[in-house]
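K.L.:
when you get a sec, could you give me coordinates for this:
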Amino acid sequence: MSLSWECAFARGEPAGQKALACTSAIVSIGLLESPLLAAAIEAGDDGFASQIAVKMSTEAILTAGFDAFRDSESSPEPIELIKAGFKTANDKVYEYSHRMAAGGTFAAKAIVAAIDHERVTLGQLGGCEGFLLRDGTLLSFYQSSTIEPGAPRDALLARFIGANVKIAVDMSSMDAEIGDRIAICTRALGAEKREILAAVLAEADNAKEAANEIAARCLTSSAHVGDSFVRPMVFVFFAFNEN
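P.N.:
The predicted model follows:
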């Protein structure tokens with residue numbers, strides 16, 4: 001049995017703060033062949049270099065996705081699709097930053113989802129999170145998406161696109177069922193926000209309503225850098241029987 005997916009996207013609001021321009025971007029590739037590829041990409045900080053990293057990462061992940069479909073005789077494997085996107089983005093941003101003699105200052109965070117009918121695969125860098133609501137229970141794709149305090153500098157840099165020659169992408173996957181509702185966010189959520197997210201996913205009539213409500217209630221006041229606001233993002237997916 002093949003599942004169909006309803007998909008929606010929303011950004012958090014500034015909540016009285018000045019929103020930074022060009023600090024967030026979105027890629028969504030929906031082609032006739034599966035898997036669906038969706039990515040939310042956000043600046044690592046409010047610096048201009050990180051805004052460039054977002055733009056370059058967006059273009060790289062988009063290009064890697066289309067190249068994978070074009071060059072493969074069959075539908076590409078989701079895990080390989082995600083890894084290719086992250087690698088292409090990191091290579092391009094890292095090379096450019098060192099060409100500009102600004103290594104380590106170009107940084108972006110991202111979460112990428114590849115949905116292949118009944119299988120959902122995620123890859124993330126920078127402390128993003130993914131959740132699946134099934135039969136009233138909220139499941140997390142990752143045990144912890146936070147960066148450990150006191151971690152070595154190389155380990156920290158490996159958690160962002162473009163900040164290091166090598167990156168450590170957190171991969172996770174789950175089998176999906178009819179009625180599953182999934183949310184992926186560019187910010188980590190505490191216990192209270194997770195409860196809100198679970199309630200919204202359970203009560204929403206459609207994915208767009210859920211995305212807008214999660215952005216408004218879970219991705220606002222705490223997501224800021226200095227006096228500016230880097231707008232966090234959420235993707236929501238609802239699974240249903242295509243028949």
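K.L.:
how about the strands in this structure?
P.N.:
Secondary structure of the chain (DSSP state E): strands at 3-11, 18-19, 24-29, 36-43, 108-116, 119-125, 129-134, 137-140, 170-175, 181-185, 228-229, 233-241.
K.L.:
which one of the ones you listed lies nearest to Asn212?
P.N.:
Smallest distance to Asn212 across the strands of the chain (Cβ to Cβ): 5.0 Å, for strand 3-11. In this view, the C-beta of every residue, glycine as well, is placed from N, C-alpha and C.
K.L.:
just checking, what packs against the closest one?
P.N.:
Where contact means 3 or more Cβ pairs under 8 Å, 6 or more residues apart in numbering; DSSP states H and E, strand 3-11 is packed against strand 24-29, strand 36-43, helix 207-218, strand 233-241.
K.L.:
contacts for the third one, please.
P.N.:
In this case it means helix 207-218. 6-13, 181, 183, 185, 189, 193, 196-197, 200-201, 204, 232-238 (Cβ atoms under 8 Å, 6 or more residues apart in numbering).
K.L.:
from these, list the buried ones, please.
P.N.:
Buried members of the contacts of helix 207-218, scored by 16 or more other Cβ atoms under 10 Å, are 7-13, 181, 183, 185, 189, 193, 197, 200-201, 204, 232-238.
K.L.:
could you measure Ile184 against Ala39, distance?
P.N.:
9 Å (Cβ to Cβ, to the nearest Å).
K.L.:
mind listing the shared neighbours of the two?
P.N.:
Counting by Cβ under 8 Å, 6+ apart, the contacts common to Ile184 and Ala39 are Ile111, Ala113.
K.L.:
would you convert the strands of the chain into a markdown table that also reports mean pLDDT and distance to Met100?
P.N.:
Shown next, in a markdown table, are the strands of the chain (pLDDT from 0 to 100; distance: least, Cβ to Cβ, whole Å):
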| stretch | mean pLDDT | distance to Met100 |
| --- | --- | --- |
| strand 3-11 | 88 | 28 |
| strand 18-19 | 50 | 26 |
| strand 24-29 | 60 | 20 |
| strand 36-43 | 87 | 17 |
| strand 108-116 | 91 | 15 |
| strand 119-125 | 94 | 21 |
| strand 129-134 | 96 | 31 |
| strand 137-140 | 96 | 38 |
| strand 170-175 | 95 | 28 |
| strand 181-185 | 96 | 31 |
| strand 228-229 | 52 | 23 |
| strand 233-241 | 91 | 27 |
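K.L.:
mind giving me CSV with those strands and columns for distance to Thr88?
P.N.:
Formatted as CSV, the strands of the chain follow (distance: least, Cβ to Cβ, whole Å):
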stretch, distance to Thr88
strand 3-11, 22
strand 18-19, 28
strand 24-29, 12
strand 36-43, 12
strand 108-116, 12
strand 119-125, 13
strand 129-134, 21
strand 137-140, 27
strand 170-175, 16
strand 181-185, 20
strand 228-229, 29
strand 233-241, 20
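K.L.:
who wins for proximity to Ile161 among those strands?
P.N.:
Among the strands of the chain, strand 108-116 comes nearest to Ile161, with 4.4 Å by Cβ to Cβ.
K.L.:
surely Leu132 and Ile184 touch.
P.N.:
No: between Leu132 and Ile184 there is no contact under Cβ atoms under 8 Å: 9.8 Å.
K.L.:
neighbour-wise, which of these two wins?
P.N.:
Legend: neighbour count by other Cβ atoms under 10 Å for Leu132 and Ile184, higher for Ile184 (25 against 22).
K.L.:
give me the buried positions along the longest helix seen in the chain.
P.N.:
The longest helix of the chain (DSSP state H) is helix 48-71. Using 16+ other Cβ under 10 Å as the test for burial, helix 48-71 gives 49-58, 60-65, 68-69.
K.L.:
hmm, back to that, among the helices and strands packed on strand 3-11, which is the most enclosed?
P.N.:
A comparison of these by mean neighbour count, using mean count of other Cβ atoms under 10 Å, puts strand 36-43 on top with a mean of 26.
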